[in-house]
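>>> below are the sequence and a predicted model for it; my questions follow.
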Amino acid sequence: MQNQSFVTEFVFLGLSKNPYAQKVIFVVFLCIYIATVCGNLLIVVTIRSTPALLGSPMYFFLSFLSFLDACHTSATTPKMIIDCLYEKKTISFGGCMTQVFAVHFLSGTEVIVLTAMAYDRYVAICKPLHYSSIMNSRLCGILIAVAWTGGFLHSIIQILFTFQLPFCGSNVMDNFMCDLYPLLKLACTDTYVFGLLVVTNSGFFCILIFSMLLVSYSVILFSLRKHSTEGQRKALSTCGAHIAVVVLFFVPCIIEYARPPSNLSFDKILEVFYTVLTPLLNPLIYTFRNKEVKSAIRRLWNKIIFVSVEK
């Protein structure tokens with residue numbers, strides 16, 4: 001089917017129509033966005049500038065995850081913040097498709113990175129004697145390449161089908177960002193098959209990976225009974241942070257995509273959660289109880305202050 005789209009732009013209704021509420025949203029989400037980007041980039045810079053951390057696969061993946069979180073929130077949040085200053089919130093057709101591609105590309109990549117991090121913890125705790133030989137730099141590089149490729153394939157499949165949808169009616173989207181289900185509601189054709197594709201490619205995929213991760217972390221936690229008390233404490237602290245991030249990422253995505261399109265009132269709340277709040281919480285979760293990262297951040301901060309004073 002050829003694309004018969006007559007729509008050149010979409011209009012967002014945003015999170016609120018109240019002018020005062022929009023000002024509050026502008027200030028709150030601007031602060032959250034700055035904190036999110038700075039927090040995640042601080043982790044990236046800290047790990048990249050600390051050889052002891054960069055040499056560890058766990059922190060190598062963590063730096064990559066933080067980079068993805070900074071990019072993921074940047075794909076939607078700045079547009080939402082700027083839109084709070086305008087009564088009419090619009091996005092071009094091309095801009096909308098780009099936003100959909102970026103969000104699902106980065107999300108798909110992050111799913112695989114979280115899976116790689118779970119595998120890293122499994123090898124470290126269940127096969128400690130073989131850890132260095134299994135989790136070598138070559139395998140880490142392959143896993144990152146797989147993550148990029150998997151994220152691209154996940155996103156490109158959906159965006160190619162989206163381009164085929166005809167938009168010839170209303171262009172008003174009750175949302176603050178472009179996403180698949182809001183676009184399906186505006187398409188002037190039967191979208192049942194495409195809806196099934198979204199449920200399969202996003203929803204069931206998330207359920208499958210989430211289930212696998214829960215099983216893998218259950219195996220890891222079960223195997224801890226053979227470790228010393230100190231080893232159990234350290235492993236539980238690390239795995240606890242990983243599990244918290246996995247739950248924060250997957251649960252909203254499963255609720256959002258593992259069902260047919262509907263007019264559920266909390267859809268926008270879910271999207272705010274996994275596009276704005278989750279990238280903010282991830283660096284806090286990983287660093288709050290991680291002494292190595294906190295010490296490295298402190299050393300980096302002292303080095304920056306020392307260089308500034310020397311100048």
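Ah, there it is. It should be emphasised that the depicted structure is a prediction, and the values quoted were computed from it without experimental measurement. Numbers count the residues shown, from 1 in each chain.

>>> helices of the protein, residue ranges please.
Listed in chain order, the helices of the chain (DSSP state H) span 19-48, 51-54, 57-74, 77-83, 93-126, 131-134, 137-163, 180-186, 192-198, 205-223, 229-257, 267-272, 278-288, 291-310.

>>> list the buried residues for the last one?
Think helix 291-310. Using 16 or more other C-beta atoms under 10 Å as the test for burial, helix 291-310 gives 293, 296-297, 300. Where C-beta positions appear, they are placed from N, C-alpha and C, glycine not excepted.

>>> can you check the second one too?
For helix 51-54, the neighbour count (16+ other C-beta under 10 Å) marks L53 as buried.

>>> can you give me the mean pLDDT across it?
Averaged over helix 51-54, pLDDT sits at 80.

>>> the fifth one too?
Confidence over helix 93-126 (mean pLDDT, whole number) is 92.

>>> please state the offset of that helix from the chain centre?
Relative to the centre of its chain, helix 93-126 is centred 7 Å away, using C-alpha atoms, centre = their mean, to the nearest Å.

>>> got it, and stretch 11-18?
Distance, centroid of stretch 11-18 to centroid of chain: 24 Å (C-alpha atoms, centre = their mean).

>>> on that earlier part again, dump the helices of the chain to TSV, plus distance to V172.
Formatted as TSV, the helices of the chain follow (distance: least, C-beta to C-beta, whole Å):
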stretch	distance to V172
helix 19-48	17
helix 51-54	48
helix 57-74	25
helix 77-83	14
helix 93-126	13
helix 131-134	53
helix 137-163	18
helix 180-186	8
helix 192-198	20
helix 205-223	29
helix 229-257	21
helix 267-272	14
helix 278-288	28
helix 291-310	45
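
>>> could you identify which of the ones you listed is most buried?
helix 57-74 (a mean of 22; mean count of other C-beta atoms under 10 Å).

>>> coming back round to it: lowest average pLDDT across the helices of the chain?
Mean pLDDT per stretch puts helix 291-310 lowest among the helices of the chain, at a mean of 71.

>>> how far does it sit from the chain's center?
For helix 291-310, the distance to the chain centre is 28 Å (C-alpha atoms, centre = their mean).

>>> so that helix versus helix 229-257, what angle?
90 degrees (axes from the mean of the first three to the mean of the last three C-alpha atoms, to 10 degrees).

>>> for helix 291-310, name the packing helices and strands.
The contact analysis (3 or more C-beta pairs under 8 Å, 6 or more residues apart in numbering; DSSP states H and E) places helix 291-310 against helix 19-48, helix 51-54, helix 278-288.

>>> torsion angles phi and psi at the residue nearest to T189 when sequence neighbours are not counted?
Distances taken as C-beta to C-beta, 6 or more residues apart in numbering place P166 nearest to T189, at 5.6 Å, with adjacent residues excluded. Phi and psi for P166, reported as degrees, to the nearest 10, are phi -90, psi 130.

>>> and what of the one 4 residues further on?
Dihedral angles of S170 (phi, psi; degrees, to the nearest 10) stand at phi -70, psi 140.

>>> tell me the confidence at it?
Confidence score, pLDDT, at S170: 83.

>>> returning to what we had before: and of the helices of the chain, who's closest to M173?
helix 180-186 (4.9 Å; C-beta to C-beta).

>>> ok, and what's touching that closest one?
7, 10, 96, 100, 104, 158, 162, 165, 167, 169-175, 191, 194-195, 198, 202, 256-257, 261, 267 (C-beta atoms under 8 Å, 6 or more residues apart in numbering).
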